[in-house]
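In: sequence below, structure please.
(chains A and B, ligands or ions: 3)
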Amino acid sequence: MGIFFSFSVVVALTVIAFAGVWIPGMQYFFGVVIPYLAVLVFLVGVVLKVAKWGRSPVPFRIPTTCGQQQSLPWIKHSKYDNPQTTGQVIIRMVLEVFLFRSLFRNLRTEMNDGRVTYGSDKILWLAGLLFHISFFIVLIRHLRFFIEPVPSFINMIDALDGFVQVGVPHLLLTGVLLVAAGGYLLFRRINNSQVRHISLPADYFPLLLIIGIALSGIIMRYFVKVDIVSVKAFTLGLVSLRPRTPAGIGAIFYIHLFLISALLVYFPFSKLMHMGGVFLSPTRNLANNNREVRHVNPWNYDVKVHSYAAYEDEFREKMKEAGIPVEKE
Amino acid sequence: MAKETTPEELVNVDYEAPKKDWTETPVEFREGMYCYGSRPVYLQEVGFPNPREWSPADEDWKLPENWKEIVLTAMEERLSKYRSFRVFMDICVRCGACADKCHFYIGSGDPKNMPVLRAELIRSIYRKYFTIGGKLLGKRAGARELTEDVIKEWWYYFYQCTECRRCSVFCPYGIDQAEITMIGREILNLLGLQTDWIGGPVANCYKKGNHLGLEPHAITSNIEYLLDDIEEITGITIEPSFNRKGAEILFVTPSGDLFGDPGTYTAMGYLMLLHELGLDYTWSTYASEGGNFGFFTSMEMAKRLNYKIYAEAKRLGVKWILGGECGHMWRVLNQYMDTWNGPADFMEEPVSPITGTKFENAKSTKMVHICEFTADLIKHNKLKFDPSRNDHLNVTFHDSCNTARGMGIFDEPRFIIKNVCNNFFEMSSDATREKTFCCGSGSGLNAGENIELRMRGGMPRGHAVKRVQEKYGVNMLANICAIDRAVLPPLMDYWAPGVDVCGTHELLANALVMKGEIKRTQDLRLEDLPGVEDDDDDDDNNEEGGE
Ligand code: HEM
Ligand code: SF4
Ligand code: SF4
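Out: Ligands and ions are numbered 1, 2, ... in the order given. Sure thing, here's the model as predicted:
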């Protein structure tokens, strides 16, 4: 099963980092060389991939229309499910990217007493959204390690995130949510037979990796505490391109960093590129205005056709007999 | 086959997916679930490759020597020509939101009918030959070798997809299996792997102008039969014109409407409406097909067939084109025609000569849907109806996949129906509008030999109709699609016996009060109108008309 393979890989990555940093000199490798390489692969990989998509043309305007078209002025147009203008497309995209609009439609199809039934099923949407929002906020919060002085909006997010005010340091909700939502998505993958059937190692791996990153972060913050001052000195060194081998930071930090590096390297070659792809999907990012504004296919070419003249040549007598006008008598 | 399998048996579908890896489950060709292979002459007539006698049941499919190279080259070419294909290959997260949205999966429980797995059939090959991960890691990266069995699997499952786009509505990235199926079928066509039921209409349409292969005199005589019936029902003589130069409007509709019931009643509806308006329009025997089975083979073939519409409009010098009720026809007209064969700058922006309404939304293609045209007439009170003539009907409306998800024409036909019928009932919102279910026979799957597939695919639609039949006594399923009119009657006989099928303009013409008509005692099907006395020669109440 794919999950065992993926799980072993994540464990192996953890072990490599944990063991590696005990070898003298390897701290520089794991702390500096790997992260720089990872960022490089990530940036170059993502740019190349998006460029590859961007270079492939959009021959036809094929939005999937999910609401009433714009036609007669007195018929209510469903602007954001069937956009007619670029502005409406942008709103449709915003709804997709920030609110997972399409996923919100999700239904659960079942057979009950010999009839197909459809039940509301918003859990995937909710878990998916929480997972992504938490991930995003965690990412933003991490900017505090890379910017000095820390901008006030980050402090604000931190404060909001920690509003429950339990424990020292304060529990940050998004980290826990990230693990919980990720855990649910993983559970669903194993538990739902349909989703399990379609799942590949490449589906378990990023979930496990992200959960691993989040867990190592949580352990570092609440349990095996690391020296935050040295971490910040180290991360500031990295972003200012004057890297210094960190001193006195625990192994757990290296595990966290190494898993993140793995995620960065993996990203451009994987389904995680859906982050970029969602913006380029021709069924979502185009207006349904083909009949109003002509769409041009850059590789349109002439094709062999059966002309009217050929048609008339074949059927002229029959046409005349049936009283149908012809070009040539 | 399905006739032998009862509906009670057919609903025994198990949605629990098997434990076994799908790549290790070889495709099994089950009779009743697939169409015959195309006979060679159909392929020859349009120049499709590898014409030969073959049957999908054969062990040897007689593929060209270099079939593998053909497939991989074709994939590469399409990856670089279609952003849709490339992006859809790359970004699926296998969240499974689409899995239980496909009517073929719902009706069969076959996991490879989950849209996401249908896509994986080709995505696994993409990984193997076009991605680094797939090349290096093979199976672990979800990649697999391209073999003849894979081709058979593609064929089996790409012809168990009606390109209905329901999956695309639910996918968070809009991944559209219809698009992938279209590309998959296009590649299969390069190997001569076509179905007979699609190959025939394509060849017919290319040479004769329509799927049914009606020659010009057959078109006019078919229409004359309909005119005789109209005369019997209304006492009105109609004389439409054919291939007439200088007409203001060219009318194009699927040829199916000229041939079989109940499509013919819809065609009678068009004839009566356009006559009543005194519209300056013409039919064409050359561009006598609105539908486009080429669309189910390759983009190029679709374009070759579609060419006739603009060419004929230009030759006849019409100002704009009016299109009849059809599903895939309108997907093509709405999303492809102008791009393939435009610009249509030899015509004028469509304006209704009756109401003066400008059809702004069609100002580039110059082609207006008859439901847009008619809804506008009704809104402007240009038509007189007696809806009580439809009182014996409890009507519901089936949104066709293509007009729903490739256009979005929902409220125009409903507006028409509500004006001409007193009893209209919606099906559940899980099965209408953008979430509508396919008839199970679209995209050229409306053959006879795959009847079990059709009944299975039509199960969700069948159940939805059954519900309104039980709840409201619905006995008429209206639609705006010629394929629907051909395939829903057997589907209803199977899943909701007692429900009949009609086009929207049949209902309209039943209720239409025409100038100078005799008192109607029959509907368009020549059946007696309930509650109307035959020998009542008092004409007065004809003039009243309903609202
Ligand atoms: C524009 C930004 C993004 C959008 C709109 C987006 C959207 C989505 C949606 C709709 C899903 C499917 C529902 C679900 O399973 O949660 C999904 C799945 C997923 N996303 Fe994203 N995503 C974005 C960025 C990211 C990023 C940056 C990551 C991580 C690096 C990520 C990781 C994942 C993972 C791992 C899954 C699969 C969850 C599963 O296995 O069920 N996404 N994404
Ligand atoms: S809904 Fe879209 S992303 Fe999810 S499995 Fe289906 S095709 Fe893939
Ligand atoms: S396009 Fe329709 S038939 Fe094809 S996979 Fe999607 S839902 Fe199924």
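In: for the rest of this, base every contact and every neighbour count on C-alpha atoms.
Out: Will do.
In: any weak-confidence spans in the chain?
Out: Here I'm looking at chain A. For chain A, applying pLDDT under 70 flags the ranges A:1.
In: I was thinking of chain B, sorry if that wasn't clear
Out: B:1-3, B:533-547.
In: who in it is up against ligand 1?
Out: Proximity of chain B to ligand 1, by CA under 6 Å from any ligand atom, involves residues B:93, B:95, B:172.
In: most neighbours, which of the residues you listed?
Out: B:P172 (25 neighbours; other CA atoms under 10 Å in any protein chain shown).
In: just the element for it, please.
Out: For B:P172, there is no helix or strand it lies in under DSSP states H and E.
In: you'd agree it is up against A:L103?
Out: Yes: the pair B:P172 and A:L103 passes the contact test of CA atoms under 8 Å, sitting 5.2 Å apart.
In: need the contact list for B:E434.
Out: If you count contacts by CA atoms under 8 Å, 6 or more residues apart in numbering or on different chains, B:E434 has them with A:65-67, B:166, B:169, B:401, B:404-405, B:408.
In: tell me which stretches of the chain form strands.
Out: Let's take chain A. A:107-112, A:115-120 (DSSP state E).
In: wrong one, I was asking about chain B
Out: Counting by DSSP E, the strands of chain B are B:249-252, B:281-283, B:320-323, B:367-369, B:395-397, B:476-479, B:500-503.
In: near ligand 3, which residues of chain B?
Out: B:101-102, B:115, B:161-167, B:177-178.
In: if you set the cut-off to 5 Å instead, what comes out?
Out: Counting by CA under 5 Å from any ligand atom, chain B comes close to ligand 3 at B:102, B:115, B:161-167, B:177-178.
In: in helices, which of the residues you listed appear?
Out: When DSSP state H is applied, those are split such that B:115, B:166-167, B:177-178 fall in helices.
In: reformat those residues as a markdown table; add neighbour count.
Out: Shown next, in a markdown table, are these (neighbours: other CA atoms under 10 Å in any protein chain shown):
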| residue | neighbour count |
| --- | --- |
| B:P115 | 31 |
| B:R166 | 29 |
| B:C167 | 24 |
| B:Q177 | 28 |
| B:A178 | 21 |
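In: show me which of the residues you listed is closest to ligand 1.
Out: Closest approach between those and ligand 1, by CA to the nearest ligand atom: B:C167, at 14.1 Å.
In: for the closest residue to ligand 3 within the stretch 151-300 of chain A, give its distance to ligand 1.
Out: Here the residue of the stretch 151-300 of chain A nearest ligand 3 is A:T283; by CA to the nearest ligand atom that distance is 12.7 Å. Computed as CA to the nearest ligand atom, to the nearest Å, the A:T283 to ligand 1 distance reads 15 Å.
In: residues near that residue, how many?
Out: If we define neighbours as other CA under 10 Å, then A:T283 has 23 of them.
In: contact residues of chain A facing ligand 1?
Out: So chain A meets ligand 1 at A:97, A:128, A:185, A:206-207, A:275 (CA under 5 Å from any ligand atom).
In: can I have the buried ones of these as a ChimeraX selection?
Out: To isolate the buried ones among those in ChimeraX, judged by 16 or more other CA atoms under 10 Å in any protein chain shown, type:
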select /A:97,128,185,206,207
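In: can I get the residues of chain A next to ligand 1 in a markdown table including distance to B:E53?
Out: Formatted as a markdown table, the residues of chain A next to ligand 1 follow (distance: CA to CA, whole Å):
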| residue | distance to B:E53 |
| --- | --- |
| A:V97 | 50 |
| A:G128 | 51 |
| A:L185 | 50 |
| A:P206 | 48 |
| A:L207 | 50 |
| A:M275 | 47 |
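In: returning to what we had before: and chain A, which of the residues of chain B next to ligand 3 reach it?
Out: With CA under 8 Å from any CA of the partner chain as the criterion, the residues of chain B next to ligand 3 include B:R165 near chain A.
In: now render the residues of chain B next to ligand 3 as CSV, adding distance to B:V532.
Out: Converted to CSV, those look like this (distance: CA to CA, whole Å):
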residue, distance to B:V532
B:C102, 45
B:P115, 51
B:C161, 46
B:T162, 43
B:E163, 44
B:C164, 42
B:R165, 45
B:R166, 44
B:C167, 47
B:Q177, 50
B:A178, 48
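In: looking at the residues of chain B next to ligand 3, which one is closest to chain A?
Out: Proximity of the residues of chain B next to ligand 3 to chain A (CA to the nearest CA) peaks at B:R165, which lies at 7.4 Å.
In: report the separation between that closest one and ligand 2.
Out: Applying CA to the nearest ligand atom to B:R165 and ligand 2 gives a distance of 11 Å.
In: that residue touches B:Q177, doesn't it?
Out: Yes: using CA under 8 Å, B:R165 is in contact with B:Q177, at 6.6 Å.
In: quick one: B:L529 and B:T521 touch, right?
Out: Yes: the pair B:L529 / B:T521 is scored as a contact, 5.4 Å apart, by CA under 8 Å.
In: turn the strands of chain B into JSON lines, including mean neighbour count.
Out: Conversion of these to JSON lines gives the following (neighbours: other CA under 10 Å):
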{"stretch": "strand B:249-252", "mean neighbour count": "26"}
{"stretch": "strand B:281-283", "mean neighbour count": "22"}
{"stretch": "strand B:320-323", "mean neighbour count": "24"}
{"stretch": "strand B:367-369", "mean neighbour count": "26"}
{"stretch": "strand B:395-397", "mean neighbour count": "27"}
{"stretch": "strand B:476-479", "mean neighbour count": "24"}
{"stretch": "strand B:500-503", "mean neighbour count": "25"}
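In: among these, which is nearest A:N289?
Out: strand B:367-369 (12.8 Å; CA to CA).
In: number of residues surrounding B:L121?
Out: B:L121: 22 neighbours (other CA under 10 Å).
In: to clarify, my last question referred to B:K515.
Out: 13.
In: what's near enough to touch it?
Out: Neighbours of B:K515 in contact, by CA under 8 Å, 6+ apart: B:E276.
In: okay if I get the strands of chain A as TSV plus mean neighbour count and distance to ligand 3?
Out: As requested, these are exported to TSV (neighbours: other CA atoms under 10 Å in any protein chain shown; distance: least, CA to the nearest ligand atom, whole Å):
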stretch	mean neighbour count	distance to ligand 3
strand A:107-112	16	13
strand A:115-120	16	15
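In: please name whichever of those strands is nearest to ligand 2.
Out: Comparing the strands of chain A under CA to the nearest ligand atom, the one sitting nearest is strand A:107-112, at 11.8 Å.
In: do the closest one and chain B meet?
Out: Yes: Strand A:107-112 reaches chain B (CA under 8 Å from any CA) through A:108-111.
In: in CSV, list the C-alpha atoms belonging to that strand.
Out: Presented in CSV, the C-alpha positions along strand A:107-112 are these (Å, rounded to 0.1, in the frame of the first residue of the first chain):
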residue,chain,number,x,y,z
LEU,A,107,-22.4,15.8,-2.4
ARG,A,108,-22.3,12.2,-1.2
THR,A,109,-24.0,9.8,-3.6
GLU,A,110,-25.5,6.7,-2.0
MET,A,111,-27.9,3.9,-2.9
ASN,A,112,-30.8,3.8,-0.4
